[in-house]
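Q: Show me how the following folds:
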Amino acid sequence: MIPGGGQPNMQQLLQQAQKMQQDLATAQEDLAKTVVEGTAGGGLVKATVNGSCELQALVIDPKAVDPEDTETLADLVLAAVRDANATAQQLQQEKLGPLAQGLGGMPGLPF
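A: Numbers count the residues shown, from 1 in each chain. Next up, the predicted model:
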């Protein structure tokens, strides 16, 4: 429902949608350039991901390597990557969340 009962100004809606699309693309580019780190085992394993949750680097301290216990090392790697991805996802919410909410405020859109 349009406030005031009038018809939506299609040109204005189109301009708003284009601006939001540009803002979203800019935010996504910024996220892809942002780097976050996750750690596990008190820093023995460090995973670096970008804001799009793509693994960029993995550093394993030699102290974490025990040929007799590769399972623990694998667990540490998984934990570090998950930690980094959780941080990247939080960053995505901070950057992209307000843009998605803005879509819901456009008159005439069903969300």
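Q: Kindly state the pLDDT recorded for Gln11?
A: Gln11 is assigned 85 on the pLDDT scale.
Q: for Val81, that is, sorry about that
A: If you check Val81, the pLDDT there is 97.
Q: do you know how far it is from Leu44?
A: Between Val81 and Leu44 the distance, using CB to CB, to the nearest Å, works out to 14 Å. No exception for glycine: its C-beta is placed from N, CA and C like everyone else's.
Q: which element follows the helix or strand harbouring Gln22 toward the C-terminus?
A: Here Gln22, judged by DSSP states H and E, is contained in helix 10-33. Downstream of helix 10-33, the first helix or strand assigned by DSSP H and E is strand 35-40.
Q: partner strands of that following strand, parallel or antiparallel?
A: Its sheet considered, strand 35-40 pairs with strand 45-50 (antiparallel) by DSSP bridges.
Q: Would you mind finding the longest helix in this protein?
A: helix 70-104 (DSSP state H).
Q: chain center to that one, what's the gap?
A: Centroid displacement of helix 70-104 relative to its chain, using CA atoms, centre = their mean, to the nearest Å, is 6 Å.
Q: Packing partners of it?
A: Using 3 or more CB pairs under 8 Å, 6 or more residues apart in numbering; DSSP states H and E as the contact criterion, the secondary-structure elements in contact with helix 70-104 are helix 10-33, strand 35-40, strand 45-50, strand 55-60.
Q: Just list what the first one packs against, helices and strands only.
A: If contacts are counted by 3+ CB pairs under 8 Å, 6+ apart, helix 10-33 sits against strand 45-50, helix 70-104.
Q: again with the last one
A: Taking 3+ CB pairs under 8 Å, 6+ apart as the contact definition, the neighbouring helices and strands of strand 55-60 are strand 45-50, helix 70-104.
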